[in-house]
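**Student:** this one's sequence-less:
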């Protein structure tokens, strides 16, 4: 199986995620005799581990390892991972967290560790000098670090029970270091790959930044950005425990982490602003549109983090399921998924049409407005849930359109 076919499998998971999302919306529209919580577990696992993990690891393998003669090893790892994902997809809906779903989840974690080993062992010394490598390496270690949450769940369930606050915090630990660690840092690494691969087209000789490394940012600037952002990843975890209304110290740590990440983003933009202007001439029109969208969504995410550090806002959000879902979807369906569209297009895995993307972004905007609106203004009612169901169904159409266009090509 070639890498483009693996990306088609990733999109297949994305379609299933959208289908499960629509099914979950139906619970509020018609009577359904099925365990909602089990569907929620399936939805989240296939979203994070099926769609995003498969797409990101395929991209990373293509860019760093595909010329190292390790296709057989990667394919074995890929299929072992698919067995674990498919196993979760068919066990979680009917059993929730039980023997088989835990077995398949454990198999997935072991496979993810195997991918980290493959990456660290077979990247060259030359690649290890690149800033993109350093970001991807950090992202993969954050992925491994996030797995401490699932490992802790078994211990917590057998000792304190699933009603314990530690149970909830273990899940939040995993989600935080997936969403804000592994995913975001990996996407930043892929962005640096774009800059490094277009060095000859983007280079500004008068600045003299490049030496022999393909670097698009002075070393001291990169180190500042890198350390500010990664320290911010760890400190912003404290957002995840604010639902317990702990000491103001936790709010302060979350605020410091949020400010550090905001500062890191400003350092990055300021350092590469000349290259961003020239990059417009290299990217296609739709790729430029995707990049602009991600930049806007990401800067708003950083602002949300700062605002959400204050006790009044933190208490409001922690008690409001719709605001939490809206934020998670902002990151997953907005920043992460649209970034993946961008990089898949840039690295010639697929092309997305303007019409399909507009349809996808329309679904994203409608669902975000509805979720944020209900969280703030309490719009709940039959009409609200019906409109939310219809808006979610637009995702199915958009993702289905992407898949259909790739099959045709």
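**Tutor:** Nice, thanks for sending it over. The shown structure was predicted, so the numbers you read here are calculated from the model rather than taken from an experiment.

**Student:** Quick one, grab the pLDDT at residue 340.
**Tutor:** As predicted, residue 340 sits at a pLDDT of 97.

**Student:** what's the burial count for it?
**Tutor:** 25 (other C-beta atoms under 10 Å). Quick note: C-beta positions are derived from backbone N, CA and C, even for glycine.

**Student:** again with residue 320
**Tutor:** The burial count for residue 320: 17, using other C-beta under 10 Å.

**Student:** quick one: the helices in the stretch 101-250 of the chain?
**Tutor:** 131-146, 148-159, 165-176, 184-197, 199-202, 219-235, 248-279 (DSSP state H, counting those that start in this stretch).

**Student:** Out of those, which gets nearest to residue 75?
**Tutor:** Closest to residue 75 of the helices of the stretch 101-250 of the chain, according to C-beta to C-beta: helix 131-146, at 19.0 Å.

**Student:** pretty sure residue 55 contacts residue 341?
**Tutor:** No - in this structure residue 55 lies outside contact range of residue 341 using C-beta atoms under 8 Å: 9.5 Å.

**Student:** Lowest mean pLDDT across the helices of the stretch 101-250 of the chain, which one is that?
**Tutor:** Averaged per stretch, pLDDT over the helices of the stretch 101-250 of the chain is lowest on helix 199-202, reaching a mean of 64.

**Student:** Might one say that residue 380 is in contact with residue 373?
**Tutor:** No - in this structure residue 380 lies outside contact range of residue 373 using C-beta under 8 Å: 10.4 Å.

**Student:** Save the helices of the stretch 101-250 of the chain as a markdown table, and put in mean neighbour count too.
**Tutor:** Output for the helices of the stretch 101-250 of the chain, formatted as a markdown table (neighbours: other C-beta atoms under 10 Å):
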| stretch | mean neighbour count |
| --- | --- |
| helix 131-146 | 21 |
| helix 148-159 | 15 |
| helix 165-176 | 18 |
| helix 184-197 | 23 |
| helix 199-202 | 14 |
| helix 219-235 | 18 |
| helix 248-279 | 17 |
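
**Student:** The ones you listed: which one's closest to residue 346?
**Tutor:** Closest of the helices of the stretch 101-250 of the chain to residue 346 is helix 184-197, at 5.8 Å (criterion: C-beta to C-beta).

**Student:** hmm, back to that, the more surrounded of residue 380 and residue 373?
**Tutor:** residue 373 (14 against 11).

**Student:** okay, now residue 372: neighbour count?
**Tutor:** Neighbour number of residue 372 under other C-beta under 10 Å is 18.

**Student:** Kindly give the local confidence score, pLDDT, for it.
**Tutor:** Value for residue 372, per-residue pLDDT: 93.

**Student:** How about it: what's its closest non-neighbour residue?
**Tutor:** Distances taken as C-beta to C-beta, 6 or more residues apart in numbering place residue 326 nearest to residue 372, at 4.8 Å, with adjacent residues excluded.

**Student:** and the one you found, helix, strand or coil?
**Tutor:** With DSSP: H, G, I helix; E, B strand; the rest coil as the basis, residue 326 sits in helix.

**Student:** Just give the nearest non-adjacent residue to residue 332, would you?
**Tutor:** Distances taken as C-beta to C-beta, 6+ apart place residue 47 nearest to residue 332, at 6.4 Å, with adjacent residues excluded.

**Student:** Number of residues surrounding the one you found?
**Tutor:** Neighbours of residue 47 (other C-beta under 10 Å): 24.

**Student:** ok, now which ones touch it?
**Tutor:** Residues near residue 47 by C-beta atoms under 8 Å, 6 or more residues apart in numbering: 13-14, 17, 332.

**Student:** same question, residue 76
**Tutor:** Counting by C-beta under 8 Å, 6+ apart, residue 76 makes contact with nothing.
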